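Q: the sequence isn't on hand, but the structure is:
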């Protein structure tokens, strides 16, 4: 049974920071791609950051470049999303996903977590 479990969400003021974690259970994980996506109310899900587990190659969408950092700890089967300089527009449910290759197309990921809420107030 594959399971991705996110944590670390919360409520912060604009300019603050949060670190999200995603632990992968029951998956040969760390052989593929891990991604963070988000979905705000009334909006489509969008990719935020991805990391290739094998070579640490990362990618970021423009709205978060320079503010968010994706990283991994292979020994802990955990992927992180460090979010700095948070803005109200970052408010969303954040999801971790695992798939065979890194892409911004969410439906190509095989496994998803339950999500963790991030709320940024102005």
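A: Nice, I can see it. Note that this is a predicted model, so its numbers are computed, not measured.

Q: got any ranges where this structure has weak pLDDT?
A: The chain contains residues with pLDDT under 70 at 27-31.

Q: ok, which stretches of it are strands?
A: Taking DSSP state E to define them, one finds strands in the chain at 3-7, 10-13, 18-25, 33-39, 46-52, 58-60, 68-73, 78-83, 92-99, 111-112, 116-121.

Q: which residue is nearest the centroid of this structure?
A: residue 36 (2.3 Å; CA atoms, centre = their mean).

Q: residue 68 versus that residue, what's the distance?
A: To residue 68, residue 36 is 8 Å away according to CB to CB, to the nearest Å. The way it works is simple: take the backbone N, C-alpha and C, and place the C-beta from them, glycine included.

Q: intersection of neighbour lists for the two?
A: Taking CB atoms under 8 Å, 6 or more residues apart in numbering as the criterion, residue 36 and residue 68 both touch 48-49, 81.

Q: just the buried ones from these, in PyMOL syntax?
A: Per 16 or more other CB atoms under 10 Å, the buried members of these correspond to this PyMOL selection:
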select buried, resi 48+49+81
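
Q: right, I'll call it a day here.
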